[in-house]
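In: any chance you can model this:
(one chain, ligands or ions: 2)
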Amino acid sequence: MGKGGFGLVFQGKYKGADVAVKEPHDPEALHEEEALKKSFFREAKNLYRLSHRNVVALVGGIVSDDCGDPCYMMVTELLPQSLQKEMEILQELDGEERCKRQDRLMIELAEGLAYLHSAGIIHKDIKSQNVMVDTSGSPKYIDFGLCKQEQVTTSTASTRLAGTLYWMSPERKRGGAASAKSDVYSLGLLLVYMLTMAKLPEGEE
Ligand SMILES: Nc1ncnc2c1ncn2[C@@H]1O[C@H](COP(=O)(O)OP(=O)(O)O)[C@@H](O)[C@H]1O
Ligand SMILES: [Mg+2]
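Out: Ligands and ions are numbered 1, 2, ... in the order given. Sure, this is the predicted structure:
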């Protein structure tokens, strides 16, 4: 289905339903490197307690294979469309219909982010590649690998810069900690992209 800086995503079936299965690029490194392992479990734990129309739903996770050896995979609902593809499709529609669907996407993205912040979650990696669209046309945030809980401060939070530079707020680029405000900045860029279809920089990091 796609790939990001952390993993590859495959389509799978679970109890008859289509699901997305995310596997790290380097499962062995994940087993050995504490920071990577933490990011995998952080994503799973945070998704587990979130439930919102605009946030991908967690189905489950896999931490060992048939032989009992460690293997790390995250299973979520399958989302058929990337935001980028959805925006390309919208460009083909006539003005009124396009504005209506575009408005809905933008409003729901704001609602989804308000929900995350009300649950104390800072996403930290909001960008076009981390938004998918479901069959009913609702956008959903995916990729909670970098997210953090607002109340929890870790010693590495402000020293290790993680995310994607283009989408990052100026204070984060200067090494400041991520906050709800820095997520709002990234959402702002996303809305500008959606309104103007500005060309986005290539690449993940
Ligand atoms: N639930 C999903 N349904 C369909 N495709 C998905 C899903 N989750 C991720 N993808 C695809 O896989 C890509 C990488 O997933 P992501 O969770 O962002 O991984 P990473 O942490 O490596 O960035 C996404 O940009 C998207 O194209
Ligand atoms: Mg991603």
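In: how many residues are close by W167?
Out: Residues near W167, counting by other CB atoms under 10 Å, number 25. Glycine gets a C-beta too; all of them are placed from N, C-alpha and C.
In: can you check the pLDDT for the closest residue to K127 other than its chain neighbours?
Out: With sequence-adjacent residues excluded and distances taken as CB to CB, 6 or more residues apart in numbering, K127 is closest to W167, at 4.3 Å. W167 carries a pLDDT value of 92.
In: W167: what's it in contact with?
Out: With contact set as CB atoms under 8 Å, 6 or more residues apart in numbering, W167 has these partners: 125-127, 186, 189-190.
In: helix or strand for I62, which one?
Out: Remark: I62 resides in strand 58-64, with elements defined by DSSP states H and E.
In: quick one: that strand to chain centroid distance?
Out: From the chain centre to the centre of strand 58-64 is a distance of 17 Å (CA atoms, centre = their mean, to the nearest Å).
In: again, but for stretch 3-17
Out: 14 Å.
In: please apply the same query to stretch 190-205.
Out: Its chain's C-alpha centre and that of stretch 190-205 lie 15 Å apart, by CA atoms, centre = their mean.
In: ok, now stretch 71-81?
Out: Using CA atoms, centre = their mean, the distance between the centre of stretch 71-81 and that of its chain works out at 12 Å.
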